[in-house]
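Undergrad: Here is a sequence together with a model predicted from it:
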Amino acid sequence: MESFRTEIENPIVQKEIIDLEKKIYSFRNGQIDDERFRSLRLARGIYGQRQEGVQMIRIKLPYGKVNSEQLKRITEVSDKYSTGRLHITTRQDIQIHYVSLDRTPELWSELAKDDITLREACGNTVRNITGSELAGVDVNEPFDVSPYAHGMFQYLLRNPICQEMGRKFKISFSSSDEDTALSYLHDLGFIPKIKDGQKGFKVVFGGGLGSQPAHAELLSEFIPVNQIVPTAEGIIRIFDRYGERAKRMKARMKFLIKEIGKDVFLDLVEKEKKAIAFETYEIDTNAFDGAIPEPLLEVPQVTIDDTEAYEAWKQSNVVAQKQAGYFAIGIKVLLGDFYTDKARLLADLIKNYGANELRFSLRQNIVLRHIKEENLPFFYQELAKLDMVALGYNTIGDITACPGTDTCNLGIASSTGIADELEKVIKAEYPKYSNNQEIEIKISGCMNACGQHNMSAIGFQGMSINSGKLVAPALQVLLGGGRLGNGEGRFADKVIKIPSRRGPDALRYILNDFDANGNGSTFLDYYDAKGEKYFYEFLKPLSDVTNLTEADFVDWGNADNYVKAVGVGECAGVVIDLVATLLLEAKDKLTFAQESFNEGKWSDAIYHTYAGFVNGAKALLLSENEKTNNHAGIVDLFDTVFVESKKIELATTFRELVYQINAVSPSEAFAKQYIQEGINFFDIIEKYRAKDLADA
């Protein structure tokens, strides 16, 4: 694979790709444990599929922004290494499936030619930073949040503070108080505000979905734009140090805040400030100056034959921008899946006749931006050729669904199959709802909520149900969730579990009753007025498993009888706790620290050294059959087991040695001292370990 290495301009990316290639070779030859290798590949966007021997590749696209060149590059990669299908996720990534592990370094190198990364798209990292797809053109926005989302992405990418956390960490930037980026269900959510003429953000933190959804808490009503990066760094550092690592299901930040309390958490963040290299961090906004480029080619004038269809499309899928005379076009993408042949033509369309930009949305759609009003007929004509003018963008019929049992290890029941069926029901039987944007339907194949089912007005979660003899695919019906705006939202109630094949009837029952008894109110007001028990009672007949037919045992989109088969989830990437592996990782951290020091990155060098201390201490504790569930626990227990017992002699306590990180401001002198202390500590524990093995 030597040929691809010299074509990558960024030496950091080149080094990462070569390292991945070496690690794959070591894994294939049995030199790296499967669990350790899993952690490494997940942090590089490589996720094991349900189908054995192939990988899903997640391409990280901050706030969903893509230009023509990047979209074409993605299509080329998909055609060459995958099946030509692109999948838009609810975090504005693109996923491609059925990729050979051995070809992933080459695939990454191809993407890197157009500045596209896989780095930290999966694993225990800061995931893709999401943003409102209309940011920059939203008529209600105080200012464009895009440069701040981009600046945060750039700052955290490859940052040592967030490479091997106990669990993933999610950040969003909404464009306005409408909060379309769903701040309330994120670890960190930002909503733009202007106070006394100064730009800033309302910030909420500690939200999340999963099996136990938690509403984010208020961090501050206003943080100036130049303080959002140090604020985020402080929070991530504390999560990294105190977050749960042993129990995966309790490892998200929401559980840490619940365990120690918001005030204690924020006090720890405050004490961490000295460890951060700066009090303020200015984000460069020059690349987002608001100038709209003229199309490369003159846009042809066209005549629309079916003016009624065109006007319906404009009403349903076209949004006026804050820039006078310009419009955004929403493209409804069924289940987030589209194909490279159409993607290439779409890339040509935006480059030649648009502003060379599109954004993928959190609802798995596409938004074209900066289209002049007089050019809308031409775009309608061209999009119609691509079958991309389906009505119902961001409406009830625009259903969100995760891949479910199609490709995901954790999928219990089909998400995409039932979503497709429900869209057909709405289109055929409920035309009056064609432009209803209040009722959202979201579907997940398991409790992890990648399809965001538990924050929607009508949600479905894949499950299984036992009929006594056979297991049938099932759906948990959830009702009453929704986004309220300005950092507020509500989670849906779990109402009832039904066989999957009765999902369409459940939707019919709900919409029919809403028609009959909603009395002109919103769906959420109607739900609150009736109450959860009311819905349970009228849906109860659908839950009866004594009258199942043969069809009920076949999941949507399948031909064979249902078999519940759940693999090992990789959403968090668990690292195996082997003493030798941890010692090797500790040594690697010290090497990274020295490299960062040589590059003048004092703060990075210090944090790498900190990680070396912790990994080394954890290795020795494990050798004594001592276990802890977070970094802070490791530090305290090492003192108890080794220092206080005089098994290991240090000049100070281990706690005092390690926690210099938040007692001394980053500087060249301290970084140099701290690295040397890390090296000395590693020598001590290596000698202890060698003696321990010799005496065993």
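TA: Noted; the coordinates are in hand.
Undergrad: need the contact list for Leu20.
TA: When the contact criterion is CB atoms under 8 Å, 6 or more residues apart in numbering, the partners of Leu20 are 40-41, 44, 104-105, 108. The C-beta positions use only the backbone N, C-alpha and C, and glycine is treated the same way.
Undergrad: just Gly417 next, same as before
TA: So Gly417 contacts 404, 555-558 (CB under 8 Å, 6+ apart).
Undergrad: what's downstream of the one helix or strand in the chain whose mean pLDDT sits lowest, the next helix or strand?
TA: Each helix and strand of the chain was given a mean pLDDT (mean pLDDT, DSSP states H and E); the minimum falls on helix 2-5 at a mean of 45. Of the helices and strands lying after helix 2-5 in sequence (DSSP states H and E), the nearest is helix 11-28.
Undergrad: how distant is that following helix from the center of its chain?
TA: With CA atoms, centre = their mean, to the nearest Å as the basis, the distance from the averaged C-alpha position of helix 11-28 to the chain average is 24 Å.
Undergrad: in it, what's buried?
TA: Buried residues in helix 11-28, counted by 16 or more other CB atoms under 10 Å: 13-14, 16-18, 20-21, 23-24, 27.
Undergrad: Helix or strand next in line after it, which one?
TA: Once helix 11-28 ends, the next helix or strand along the chain (criterion: DSSP H and E) is helix 34-42.
Undergrad: and that next one, average pLDDT?
TA: The average pLDDT for helix 34-42 rounds to 78.
Undergrad: and it, C-alpha only, in PDB?
TA: Taking only C-alpha atoms (Å, rounded to 0.1, in the frame of the first residue of the first chain), the coordinates of helix 34-42 have been written out as PDB:
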ATOM      1  CA  ASP A  34      -9.300  -8.200  19.500                       C
ATOM      2  CA  GLU A  35     -10.700  -5.900  22.300                       C
ATOM      3  CA  ARG A  36      -7.700  -3.600  22.100                       C
ATOM      4  CA  PHE A  37      -7.900  -3.400  18.400                       C
ATOM      5  CA  ARG A  38     -11.600  -2.700  18.500                       C
ATOM      6  CA  SER A  39     -11.000   0.400  20.500                       C
ATOM      7  CA  LEU A  40      -8.400   1.600  18.000                       C
ATOM      8  CA  ARG A  41     -10.500   1.100  14.900                       C
ATOM      9  CA  LEU A  42     -13.700   2.600  16.400                       C
END
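Undergrad: Which neighbours in the sheet does the next helix or strand after that helix have, and how are they oriented?
TA: Sequence order places strand 46-48 as the next helix or strand after helix 34-42, per DSSP H and E. Pairing partners of strand 46-48, with direction, according to DSSP bridges: strand 55-59 (antiparallel).
Undergrad: Dump the buried residues of helix 11-28 into JSON lines; add distance to Gly151 and pLDDT as well.
TA: Conversion of the buried residues of helix 11-28 to JSON lines gives the following (distance: CB to CB, whole Å; pLDDT from 0 to 100):
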{"residue": "Val13", "distance to Gly151": "19", "pLDDT": "90"}
{"residue": "Gln14", "distance to Gly151": "24", "pLDDT": "89"}
{"residue": "Glu16", "distance to Gly151": "22", "pLDDT": "88"}
{"residue": "Ile17", "distance to Gly151": "25", "pLDDT": "90"}
{"residue": "Ile18", "distance to Gly151": "28", "pLDDT": "89"}
{"residue": "Leu20", "distance to Gly151": "27", "pLDDT": "89"}
{"residue": "Glu21", "distance to Gly151": "31", "pLDDT": "91"}
{"residue": "Lys23", "distance to Gly151": "30", "pLDDT": "86"}
{"residue": "Ile24", "distance to Gly151": "33", "pLDDT": "89"}
{"residue": "Phe27", "distance to Gly151": "35", "pLDDT": "85"}
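Undergrad: Which of those residues sits closest to Val66?
TA: Comparing these against Val66 with CB to CB places Val13 closest, at 18.3 Å.
Undergrad: Spatially nearest residue to the closest one (excluding sequence neighbours)?
TA: When the adjacent residues along the chain are set aside, Val13 lies closest to Ala112, with 4.9 Å between them (CB to CB, 6 or more residues apart in numbering).
Undergrad: any idea how far the one you found is from Leu20?
TA: Between Ala112 and Leu20 the distance is 12 Å, computed by CB to CB, to the nearest Å.
Undergrad: Next: Gln301.
TA: 50 Å.
Undergrad: same check, this time on Leu134
TA: Using CB to CB, which is the criterion applied here, Leu134 is 36 Å from Leu20.
Undergrad: For burial, what's the neighbour tally of the closest residue to Asp513 other than its chain neighbours?
TA: The shortest distance from Asp513 to any residue that is not its chain neighbour, by CB to CB, 6+ apart, is 6.4 Å, and that residue is Phe538. Other residues within reach of Phe538, judged by other CB atoms under 10 Å, total 14.
Undergrad: wait, is Phe538 part of a strand?
TA: No: the assignment for Phe538, made by DSSP: H, G, I helix; E, B strand; the rest coil, is helix rather than a strand.
Undergrad: just checking, what packs against the longest helix along the chain?
TA: Counting by DSSP state H, the longest helix found in the chain is helix 668-695. Contacts of helix 668-695 with other secondary structure elements, assessed using 3 or more CB pairs under 8 Å, 6 or more residues apart in numbering; DSSP states H and E, are made with helix 579-598, helix 602-623.
Undergrad: mind listing what Asp179 touches?
TA: Residues in contact with Asp179, defined by CB under 8 Å, 6+ apart, are 189, 191, 483-489.
Undergrad: which of the residues you listed are buried?
TA: In these, burial by neighbour count holds for 189, 191, 483, 485-489, counting by 16+ other CB under 10 Å.
Undergrad: Considering these, which is situated nearest to Lys254?
TA: When those are compared against Lys254 (criterion: CB to CB), the nearest one is Gly189, at 12.4 Å.
Undergrad: Tell me the strands beside the host helix or strand of the closest one, with direction?
TA: Element membership for Gly189 (DSSP H and E) is strand 188-195. Under the criterion DSSP bridges, strand 188-195 sits next to strand 171-173 (parallel), strand 198-205 (antiparallel) in its sheet.
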